[in-house]
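Q: A predicted structure for the sequence below; I have some questions about it.
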Amino acid sequence: MKRVFVVIMALVSVLITSCGNKNAQEKVYTAEENRLIKTGWYNDYSEHVKIVYLTLGNPPSNGATGEMLNKLNSILTEKVNAELEIMYIPWNDYLNEYNRLLARKNGKIDLIGTATDWLDAWKNAKLGNLAVLSDENLKKYAGQTYSQVASKGHWDQCKYQGKIYLIPEDNYAQWINHGFMYRNDWAKEAGLKGVHSWNDLTKYFSYLLKQNKPNFYPWDAKGATDIAGGYILSNSDFMVLDGVNAYGLFGVHKADMTKIYSPYTEGKELVNFAKLMKRWNDMGVWRKNVLTANPDNRTAFYTGKSGVEQHHTQTWYTQVKGEMDKRFPGSDVGFFWFGEETGNITTMGITHGAMAISSASKHKARALAVYDLLRNDPECYRLLCNGIEGKQYEISRGRDGNNYAVKPAGYNGDRDGIVTNFWWGRNDNLELRDASGSWDSFEEINKLYTSLQTVYPFGEIVWNLDYVNWEIIKLTAVCDKYMKNITYGQMDNPEAYVREFRAELKKYGIDTVIAELQEQLDDYYAERRR
């Protein structure tokens, strides 16, 4: 027994010594390092971490995205000892769900896809949901991105109260101004040389209705689509203020960018729009139950059961035109863009797509390092944006000598497509154009837009709506009530209905909001003059 006791004590002694050595080898952190650990900004790459990236869109229904992520994560692990996980917010009620998710601040999100004009970026920054990104940390952990943005002088447009909260998608050429795609073959039959005005569009619809095609609607619209702003752009020099109201109620005349006004309360454009929409409704341009119907107009256009598709320029040249060329050779889909009659086009702000980091992230430094790779590393970028070569795409040399992505033989989108929705850091230096896109059309319209464009001048202004938040909420509710009826001609007397709408806007404080915005704009110009 004595011998057994000695052996046991020897083992205990070894274990104690081992534990003591382990404790002795543990890193002792300084007070500053402990502070950085608590705030998520400490990073020595020794710990493998998962970085959760939040994006908008319906999640994938197949395993292809996961297969791509496995390959991507092996690279991320090698380079920065991290892996990426994608969290999706489905499109149904997306904005409310997005804001609720960010407000939880539970540490389960790291990278956040955001925007100042449609995803409440500044609202979430003010609420403390987004992390401050210092120049020091950006240079240290996302050096390539920091230098590229700095070279264009764009960091000031990513600041609120002097602090950086956003990383802009400012190295990617795109046009997201809206309009109507239409079939040029049918326009020619209607005696038109394309559709280049709202009057042309009305003639085009009239011609299509005369064909008496079964189950056909000139525009098989959803009753939630608002095009009033497009009509106003086409008939004035209105420029919308980004990030104030979803309906684009507020803006300036391009001829006088010092004065805030709303074409929804003054001018003739809204009245004329209401009259035209009443005419379209009476003609039968859309379904009689347009406000409750939920058609898929894109599919209807693809199958010849609708004469137009309403979306933005990029959708036209990257998707619809090429698809229609395959389905209906000679259809020659054109694009009537909102503002075409008056040449009224404004470049979007560089924070229409931006990346942020959750203030509750436990791995902020590593999240920046991962983002820098996703945006700038050719292998990581190609995997995230295009997928796995040979499965999601193959490279083909075009007639212009450039490389294009083509779908491999046997590719099936439902089975093989990936969903990453990386709209917050695309990079023209690494983009691989899809061969199915109509790039000649892009070059042509890009040249036209560039010759006409007005650069959005208020990118450095973060409109403070705190004092008029109640009014903004009420005004949005008024628009919800009236604009769908105006847009789809659901009224007997358009002029009287617009008067009623305008009276409600006045009642619920639109003049108060204009006055507040005007004061901020005056301060902005005064500061620039100093």
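A: Thanks, I have the structure now. Numbers count the residues shown, from 1 in each chain.
Q: now do the contacts for the residue nearest in space to the middle of the chain.
A: In the chain, the residue lying closest to the centroid (CA atoms, centre = their mean) is Gly353, at 5.2 Å. Gly353 sits next to Gly113, Ala115, Pro168, Glu169, Tyr172, Trp423, Trp424, Gly425, Arg426 when contact means CB atoms under 8 Å, 6 or more residues apart in numbering. No exception for glycine: its C-beta is placed from N, CA and C like everyone else's.
Q: so what's it closest to, chain neighbours aside?
A: Glu169 (3.9 Å; CB to CB, 6 or more residues apart in numbering).
Q: re the thing from before, if I look at the residue nearest to the centre of the chain, how far off is Asn376?
A: 16 Å (CB to CB, to the nearest Å).
Q: how much space between the residue nearest to Asn106 when sequence neighbours are not counted and Ala121?
A: Nearest in space to Asn106, with sequence neighbours left out and distances taken as CB to CB, 6+ apart, is Ala360 at 6.4 Å. Using CB to CB, we find Ala360 at a distance of 16 Å from Ala121.
Q: low-confidence ranges in the stretch 351-500 of the chain?
A: Along the stretch 351-500 of the chain, the model assigns pLDDT under 70 to no residue.
Q: now the helices: where do they sit in it?
A: With DSSP state H, counting those that start in this stretch, the ranges of helices along the stretch 351-500 of the chain come out as 364-376, 378-386, 413-416, 439-452, 469-487, 494-507.
Q: end to end, how far does stretch 350-366 reach?
A: 24 Å (CA to CA, to the nearest Å).
Q: you'd agree Leu54 is in a strand?
A: Yes - judged by DSSP: H, G, I helix; E, B strand; the rest coil, Leu54 forms part of a strand.
Q: any idea what it is bridged to?
A: Under the criterion DSSP bridges, Leu54 forms beta bridges with Met87, Ile112.
Q: distance check, it against Glu85.
A: Shown here: Leu54 relative to Glu85, a distance of 10 Å by CB to CB.
Q: between those two, which one's more packed in?
A: More crowded of Leu54 and Glu85, by other CB atoms under 10 Å: Leu54, with 22 against 14.
Q: contact partners for that one?
A: By CB under 8 Å, 6+ apart, Leu54 lies in contact with Met87, Ile89, Leu101, Ile109, Leu111, Ile112, Gly113.
Q: point out where the chain drops to low pLDDT.
A: Using pLDDT under 70, the flagged stretches of the chain are 1-26.
Q: going by neighbour count, list what's buried in stretch 429-445.
A: Neighbour-count burial for stretch 429-445 flags Leu430, Glu431, Leu432, Asp434, Ala435, Ser436, Gly437, Ser438, Trp439, Ser441, Phe442, Ile445 (criterion: 16 or more other CB atoms under 10 Å).
Q: send the alpha carbons of it over as CSV?
A: This file holds the C-alpha atoms of stretch 429-445, laid out as CSV (Å, rounded to 0.1, in the frame of the first residue of the first chain):
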residue,chain,number,x,y,z
ASN,A,429,-10.6,45.9,-60.5
LEU,A,430,-11.7,42.3,-59.9
GLU,A,431,-15.1,42.1,-61.5
LEU,A,432,-15.7,39.3,-64.0
ARG,A,433,-18.6,40.3,-66.3
ASP,A,434,-21.3,37.7,-67.0
ALA,A,435,-21.3,36.8,-70.7
SER,A,436,-25.1,36.8,-70.7
GLY,A,437,-25.1,40.6,-70.0
SER,A,438,-25.7,43.2,-72.7
TRP,A,439,-22.4,45.0,-72.2
ASP,A,440,-22.6,47.0,-75.5
SER,A,441,-25.9,48.4,-74.1
PHE,A,442,-24.2,49.2,-70.8
GLU,A,443,-21.3,51.1,-72.5
GLU,A,444,-23.8,53.1,-74.6
ILE,A,445,-26.1,54.1,-71.8
